[in-house]
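Chemist: take a look and give me a structure for this.
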Amino acid sequence: MRISGCRGSPKQGDVGVGSVTGMSELTDDVFLDHLADRLAALPGVRAVALGGSRAQGTHTAASDWDTAVYYRGSEGEFAPRHLRDVGWEGEVSEIGEWGGGVFNGGAWLSVDGRRVDVHYRDLDVVERVLGEARGGRFRIEPLMFHLAGIPSYLLVAELAVNRVLRGEAPRVDGYPDALREAAPAEWWGRAELTLEYARSGNVPLGGRTEVVGAVAVAALQAGHAVLAGRGEWVTNEKRLLARAGLRGIDALLADGQVGLGELVARARELMARAVARAAYQEPRKG
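Modeler: Here you go, the predicted structure:
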């Protein structure tokens, strides 16, 4: 996965998303319309979706434009070189260059002075993962910038919360009951193992950095357990602790007077309460 030089500045005279001049004066809505058209016109693209905070209405003026292009890998039509040939400034990865799995590649671009992320989404993979999620099955993959890793059902979460701009993508009707049953136990089990290792392996050695790091990881794992227990989709970790009611971990980690063993014990108690409460909440619609 290449992370250096991820975004460049627009070239002088760059007209960004389309053949229309004066693109820097476009409103966000018009910009998005032209961006979707250009992405949808790439060979092999079946659908284009808007994701992230802009799809969920939690964005600011400075937020990135997160997009996904859906293609069918078995057809062999979609190729990153076509996206590269559009001429937008930035980095365009090959398929699989980001390690495979859920995030199998994409692009970090500057388009008309706006930061645009493009994620590759193979419909063959998406449909398989959707079927697994409906059966309560999933994997957890490591991913840069994510402490707890990401579940394979993130692809399903995107289908549920993202906004399809062009074409058609699979539809998701609610949070699968089988996934709501299986995911909390898996995530909470991981959190407990992480905390136990901190208690037995790091605390006796006085490694505060290791203990604090383990508690942070366990908190995100517990956050996933809470949201899965509620039947709420998660697409990243940015607001996970707040949504899970686990922001109290911040004060605990910041208190330098708390001993390491006590830190782990109190953190586990806070997380366990949140996970237990989630198990008794009604699933949210959508």
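Chemist: what about Gly96, how many residues close to it?
Modeler: When neighbours are counted by other Cβ atoms under 10 Å, Gly96 registers 12. Quick note: C-beta positions are derived from backbone N, CA and C, even for glycine.
Chemist: which SS class is it?
Modeler: coil (DSSP: H, G, I helix; E, B strand; the rest coil).
Chemist: list the contacts of it.
Modeler: When contacts are counted by Cβ atoms under 8 Å, 6 or more residues apart in numbering, Gly96 touches Asn104, Gly105.
Chemist: ok, now with 10 Å
Modeler: Phe103, Asn104, Gly105, Tyr120 (Cβ atoms under 10 Å, 6 or more residues apart in numbering).
Chemist: now, among those residues, which is nearest to Arg128?
Modeler: Asn104 (13.0 Å; Cβ to Cβ).
Chemist: any idea which helix or strand carries that closest one?
Modeler: Secondary structure assigned from DSSP states H and E places Asn104 in neither a helix nor a strand.
Chemist: who are the contact partners of it?
Modeler: Contact analysis of Asn104 by Cβ under 10 Å, 6+ apart lists Gly73, Ser93, Glu94, Ile95, Gly96, Glu97, Trp98, His119, Tyr120, Arg121, Asp122, Val125.
Chemist: any low-confidence regions in the stretch 51-200 of the chain?
Modeler: The model of the stretch 51-200 of the chain has no residue with pLDDT under 70.
Chemist: do that again at 90, thanks
Modeler: 52-53, 55-63, 98-103, 144, 173 (pLDDT under 90).
Chemist: which one (most neighbours) among the contacts of Gly96?
Modeler: Tyr120 (25 neighbours).
Chemist: mind listing what that residue touches?
Modeler: Contacts of Tyr120 (Cβ under 10 Å, 6+ apart): 45, 68-71, 73, 78, 80, 83, 93-98, 103-107.
Chemist: which residues of the stretch 51-200 of the chain fall in strands?
Modeler: 65-71, 89-92, 106-111, 114-122, 140-143, 146-151, 163-167 (DSSP state E, counting those that start in this stretch).
Chemist: how about the ones you listed in TSV, adding distance to Asp33?
Modeler: Formatted as TSV, the strands of the stretch 51-200 of the chain follow (distance: least, Cβ to Cβ, whole Å):
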stretch	distance to Asp33
strand 65-71	12
strand 89-92	20
strand 106-111	13
strand 114-122	13
strand 140-143	31
strand 146-151	30
strand 163-167	8
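Chemist: quick one, which of these gets closest to Ala191.
Modeler: Ranking the strands of the stretch 51-200 of the chain by proximity to Ala191 (Cβ to Cβ) places strand 146-151 first, at 8.5 Å.
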